[in-house]
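>>> Compute the structure for the input listed below.
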Amino acid sequence: MKVEIWSDVMCPWCYIGKRKFEKALEQFSQKDRIEVEWKSFQLNPDMKTDPSRSIVEYLADAKGFTIDHATQMLDNVTNVAAEVGLEYHMDKTVLANSFDSHRFIQFAKKNKLGDAAEEQLFHAYFTEGKNTADHATLIDLGTKIGLGASAIKDVLESNQFAEDVRKDIYEAQQVGVRGVPFFVLDRKYAVSGAQQPETFLGALQQSFQEWEKENPAPLVSLAEGDSCDIDGNC
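Numbers count the residues shown, from 1 in each chain. Sure thing, here's the model as predicted:
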């Protein structure tokens, strides 16, 4: 059964939601029959990459917050991240447009490394304070998960996978995504936000039960002996 997850690299709740969903999946008895697909979404497609500005300044300007209020918000999300084992350093976060990051993820998905790419990007952005719009950074992250440096360079220096990103964003509009993370299970059930593992587990169980009725597991042969086949051969 497929679980699609719309997310953006710059969304702190998406990394937290990833960890909570992973915890639920570990507890799910049929986890080997779950396919996870990461989908592209941009919270601010017009954002300009600007390493000179802090995330606090950006939030204050974009939302009309005071610096103190913006700092308090970031401290809160940092504490929540710590509860699921993530180490956020929001003071080091680099403001970066995420479009090329999403093209990088789409390339990784083609090579069955979508989840690994998401993990590398989240960690680079929130923990290491790296510029995830920088091509050299993306090449370095890609080689860590087994992608070829020259292949990543070719993708980033072209327009490859741009249409895949736009398609995901269009799909998000069609299924009603208004914020991320957004989890869609078997295109029937949706879970919005970084919910608790128990919520994810319940959604997995309910959606899988319905999916399994239409997709029964194949029988596994435990032993074979002498027999006759349908053509009369014995």
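
>>> could you list every residue that touches the residue most central in space within the chain?
Most central in the chain under C-alpha atoms, centre = their mean is residue 38, positioned 4.6 Å from the mean C-alpha point. Neighbouring residues of residue 38 by C-beta atoms under 8 Å, 6 or more residues apart in numbering: 4-5, 7, 105, 109, 114-115, 117-118. (Glycine included, C-beta is placed from N, CA and C.)

>>> Closest one to residue 147 out of the residues you listed, please.
Set against residue 147, the nearest of those by C-beta to C-beta is residue 117 (8.2 Å).

>>> residue contacts, the closest one?
38, 104-105, 108-109, 141-142, 145.

>>> Sitting in helices, which of these do you find?
Mapping the contacts of residue 117 onto helices (DSSP state H) picks out 104-105, 108-109, 141-142.

>>> just curious, which of the residues you listed is nearest to residue 181?
residue 105 (14.0 Å).

>>> lowest-pLDDT helix or strand in the chain?
helix 55-63 (a mean of 91; mean pLDDT, DSSP states H and E).

>>> so after that helix, what's the next helix or strand?
Once helix 55-63 ends, the next helix or strand along the chain (criterion: DSSP states H and E) is helix 67-83.

>>> quick revisit: list only those of the contacts of residue 117 flagged as buried.
Taking 16 or more other C-beta atoms under 10 Å as the criterion, what is buried in these is 38, 104-105, 108-109, 141-142.

>>> Which one of these is nearest to residue 192?
Using C-beta to C-beta, those come closest to residue 192 at residue 38, 16.1 Å.

>>> Who does that closest one form a beta bridge with?
Taking DSSP bridges, one obtains residue 5 as the residues bridged to residue 38.

>>> Look up how far residue 151 lies from it.
As judged by C-beta to C-beta, to the nearest Å, residue 38 and residue 151 stand 19 Å apart.

>>> Kindly report the same for residue 98.
From residue 98 to residue 151 the distance is 21 Å (C-beta to C-beta).

>>> Can you pick out the residue with more neighbours from the two?
residue 98 (27 against 14; other C-beta atoms under 10 Å).

>>> The more buried one and residue 189, how far apart?
27 Å.

>>> do the same with residue 169
Per C-beta to C-beta, residue 169 is found 21 Å from residue 189.

>>> where along the chain do the strands fall?
2-7, 35-40, 182-185, 189-192 (DSSP state E).
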